[in-house]
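> turn this into a model:
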Amino acid sequence: MKTQSPPGGRIINNGSISSTAPRPNSTAYTVSKHAILGLSRSTSLDGRKYGITCTQLDVGNAATDMGNHAAAGCVQADGSTRSEPMMSVDNVANTVVFVSQLPAEADVLRLEIM
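Predicted coordinates for the structure are as follows:
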């Protein structure tokens, strides 16, 4: 993206609401999503002079094969297990399209969708 002509572009990283609101017993996953946050912010800062933007998209409870377990019930901070509301994965896709179509001067550092 730095060397192409014209330079620049938009990167959208897959984050998670776990980077700010982790579930119990999810240390490894939460740490990995914190790493994506650092990567996204550093990329946005370092890419600025090249017209490169970087967004972390934090997705919560999208109805996918990987995420559908939340509808059945997840352990909460108080130790109870409760069903959680789910959203259509189409909302995530529409958000990616929205961010990708922003003008180059608009940099969305982080966006959380639930």
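> surely Cys54 touches Thr43?
Yes: with contact defined as C-beta atoms under 8 Å, Cys54 reaches Thr43; the gap is 4.0 Å. Using the backbone N, CA and C atoms, a C-beta is placed for each residue, glycine as well.
> comparing these two, which residue is more hemmed in?
Taking neighbours as other C-beta atoms under 10 Å, Cys54 and Thr43 compare with Cys54 leading, 23 against 18.
> so who does the more buried one touch?
With contact taken as C-beta atoms under 8 Å, 6 or more residues apart in numbering, Cys54 is in contact with Arg10, Ile11, Ile12, Asn13, Ser40, Arg41, Thr43, Ser44, Gly47, Asp107, Leu109.
> out of those residues, which two sit at the greatest distance?
Arg10 and Arg41 (15.0 Å; C-beta to C-beta).
> joint contacts of Cys54 and Thr43?
Joint contacts of Cys54 and Thr43 (C-beta under 8 Å, 6+ apart) are Ile11, Asn13.
> how close does Ser88 sit to Leu109?
25 Å (C-beta to C-beta, to the nearest Å).
> how about Gln4, secondary structure?
coil (DSSP: H, G, I helix; E, B strand; the rest coil).
> right, I'll leave it there.
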